[in-house]
Each structure stands twice: as structure tokens, then as C-alpha cells.
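> Attaching a predicted model along with its sequence, questions to come.
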Amino acid sequence: MNRIGILLALAGMGGALLLLAQQDLTEVWALLAQAGFGLVLASVAHAMPMLLNAEAWRVLLPGGKRPSLAAMTANVWVRESINGLLPVARIGGEVASYRLLRGEGVRPAAAAASLMVDMAIGILSQLAFALLGLALLATQGAGVGWQGLAAGMLGGLVLAGGFVLAQRSNLLSKVAGALNAVAAGRFEAFTAHSARIDRMARRLWRSKAAIGLCFLWQLLGWVAGALEIWLALYFLGHPVDWSTALAIEAMIQALSSAAFLVPGALGLQEAGFLGLALLLGLPAEAGAALAIARRIRDLVVFLPGLAAWVWAEKRIAA
């Protein structure tokens, strides 16, 4: 845990508490008490997007060494738990998931390349999901202009396109080669390993069927995440239709990704829930209760995920 991450986490937590303190806490706690165990059920619904994301990643791996869907789902669970709770700038989870793949017998180049391609497609699929959310907000008259939608599409395409092009242009092996040259040949093994990863990544990008399936499963995973929002608001006594739940989930996920340096998007996520509640005509107290419900999800799903990570690391070490 780096110091900057811890400081950002503390600042975000302070901001979250300040935002929640400005609401009618009596009403907020009444909504949470009314929902009760329903919020735990809403949290458990996160298993569905994790399962879909696991299948999305799984289709990129070579068939002979492809782990089971259960093993891949456990891997995604650990990855999301680390990225969601620890100050690792959403990178630590990828490092841990690479180690878990290696523990399942996947070769290093295939594990690293599939992870890189999965991340790149994840940016594209989240872009599509965010644009869907913006469109739904615009059609509901929530004050989102189509100019903003076009700007968001352009920015996302530039980001995703740059990430994809970097993978298809042997950037990793070029950087490794440059480092090896500066170090007078002391990084030969690293350079060779990087070249193998680049070759595997190019091979994956040529597999149009695998890329298409990965994108489709990921997009379905983003959509399935709206089930948590729909259930939570239902149990909180403020039911919404599916399109509204989709819009909220899309915007919260986009905000959380943009705030990747802040662990768990503390403070920013709470502000997002409150702002979206106002845009969609929900009471501010419902937005605050929904923000707390999402943190309950983190405790119910991600804390056990960290424990599973510790257990998996011990198993790999043994």
C-alpha cells in the first residue's frame, strides 16, 4: 500500500462522510432499516457480472490450458476485491490475477497476453456501456445533452484505441529492448519474455471470434451489474425501471474507473449517487442510502475476496 493511495483513501472517506452528513440521516437510516437483509441479497447479485466477466476472459485463453469457469470466476473475484478495496490504482488486482492464472497452469505469455487483451476490451465494453447510460439519461430528460454524449464517445474511443494500438504494435517488447540496450544486455530474459507476450497478444487480436465473444460477455456483465441497483432501490422502497437502473450503474462505473487512483472511489462514488438521484427525480436520502448499499456490497463480497486471495497465494506457494 503506497502512501499516496492511503492519503487519497483517507481524503475520500472524509469527503464521503461529509456528503452523507449533509443528508437527513434519520430518513437514510430508516430506508436502510426498511431494506434490511434485502441489501445483502442485492450485494450477492454481483456474482452474476463476475461470472460473465470470467467467461469473457476465459474465451481468450488457449483451449488446452483453459481453467474452469469456477476457477476463472474466483480469479475475477480476487481481482475485483483487490482493486476495489486496496490502494493499488486498479493495477494490483491484475498482478494477483496473473499469479492465480499461473497457479492454474496457464503459460506465462498466455496469462499475461490474455490479461492485457481482456483489459483493452474492458475499456471498449465499458465505453459502450457508459454511452448507453448517457443515452438513457438524455432520453429521460436528465439534463445530459447529445453534445456531451458525442464528446464522451470521442474521448473514450481515443483512450481505448490508443490502448489497443499499443498492444498491437509490440510496445512491450520495444520498451524491454530499449531497457536491455541501456543495461548492456542484462535484461535478455525479460526482453525475450516480453516478445513472447507481444506475439501471443497479436495472435489473440487476430482471433475475431474470441475478441467478439469477449466483448459480448463483458458487455453483458456490465448490464447484469444493474441488477444490484434495481434490487437495492426496490428494497429501499424506491423502485425504478430497468432503464433507470442501467443508467445509474453505467454512470457510477464510469465515475469509479475515472477515479482509479482513489481506492474504492471513496467520496466520488457517493457524490455520483447523490447527483444521479437528483437528476432522476429520486430523493437525496434514497441516493445516500444507495451509496451506503454499494459500500455494503464491498463488505459482503470484496472482504471475503481478499481472504480468498490470501488463501490462494498460500496454496500457490505450497
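Thanks, I have it.
> Tell me where the stretch 151-300 of the chain has helices.
Listed in chain order, the helices of the stretch 151-300 of the chain (DSSP state H, counting those that start in this stretch) span residues 171-182, 188-206, 208-224, 226-235, 242-258, 268-279, 284-297.
> if you average pLDDT over the third one, what comes out?
Yep, that's helix 208-224 we're talking about. Along helix 208-224, the predicted confidence averages to a pLDDT of 96.
> buried set for it?
Within helix 208-224, the residues that qualify as buried by neighbour count (16 or more other C-beta atoms under 10 Å) are 210-211, 213-224. Bear in mind the C-beta positions are built from the backbone N, C-alpha and C, glycine included.
> just to revisit the earlier point, any chance of the helices of the stretch 151-300 of the chain in JSON lines, with distance to K65 too?
What follows is the helices of the stretch 151-300 of the chain, written out as JSON lines (distance: least, C-beta to C-beta, whole Å):
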{"stretch": "helix 171-182", "distance to K65": "21"}
{"stretch": "helix 188-206", "distance to K65": "12"}
{"stretch": "helix 208-224", "distance to K65": "15"}
{"stretch": "helix 226-235", "distance to K65": "32"}
{"stretch": "helix 242-258", "distance to K65": "30"}
{"stretch": "helix 268-279", "distance to K65": "37"}
{"stretch": "helix 284-297", "distance to K65": "33"}
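> out of those, which comes closest to F37?
Nearest to F37 among those is helix 226-235 (8.5 Å), distances taken as C-beta to C-beta.
> Send me that closest one as PDB with only the CA atoms.
Coordinates of each C-alpha in helix 226-235 appear next as PDB, following Å, rounded to 0.1, in the frame of the first residue of the first chain:
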ATOM      1  CA  ALA A 226     -27.500  -3.000 -12.900                       C
ATOM      2  CA  LEU A 227     -29.400  -5.800 -11.100                       C
ATOM      3  CA  GLU A 228     -27.700  -4.700  -7.900                       C
ATOM      4  CA  ILE A 229     -29.000  -1.200  -8.300                       C
ATOM      5  CA  TRP A 230     -32.500  -2.400  -9.200                       C
ATOM      6  CA  LEU A 231     -32.700  -4.700  -6.200                       C
ATOM      7  CA  ALA A 232     -31.200  -2.200  -3.800                       C
ATOM      8  CA  LEU A 233     -33.700   0.500  -4.800                       C
ATOM      9  CA  TYR A 234     -36.500  -2.000  -4.600                       C
ATOM     10  CA  PHE A 235     -35.700  -3.000  -1.100                       C
END
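> could you say what helices and strands it packs with?
Contacts defined by 3 or more C-beta pairs under 8 Å, 6 or more residues apart in numbering; DSSP states H and E place helix 226-235 against helix 25-35, helix 38-44, helix 242-258, helix 284-297.
> Now do the same contact list for the closest residue to H238 other than its chain neighbours.
Distances taken as C-beta to C-beta, 6 or more residues apart in numbering put A286 closest to H238, at 4.5 Å, once the chain neighbours are dropped. With contact set as C-beta atoms under 8 Å, 6 or more residues apart in numbering, A286 has these partners: 31, 233, 236, 238, 277.
> I'd like to know which of the residues you listed is nearest to M50.
Within those, distances to M50 taken as C-beta to C-beta reach their minimum at L233, with 21.0 Å.
> Check the contact between that closest one and V240; I expect there is one.
Yes: the pair formed by L233 and V240 meets the contact definition of C-beta atoms under 8 Å, at 5.3 Å.
> Could you list the low-pLDDT ranges of the stretch 151-300 of the chain?
151-157, 159-160, 163-164, 166-187, 189-190, 193, 260, 263-265 (pLDDT under 70).
> Give me the more crowded residue out of L233 and V240.
More crowded of L233 and V240, by other C-beta atoms under 10 Å: L233, with 25 against 19.
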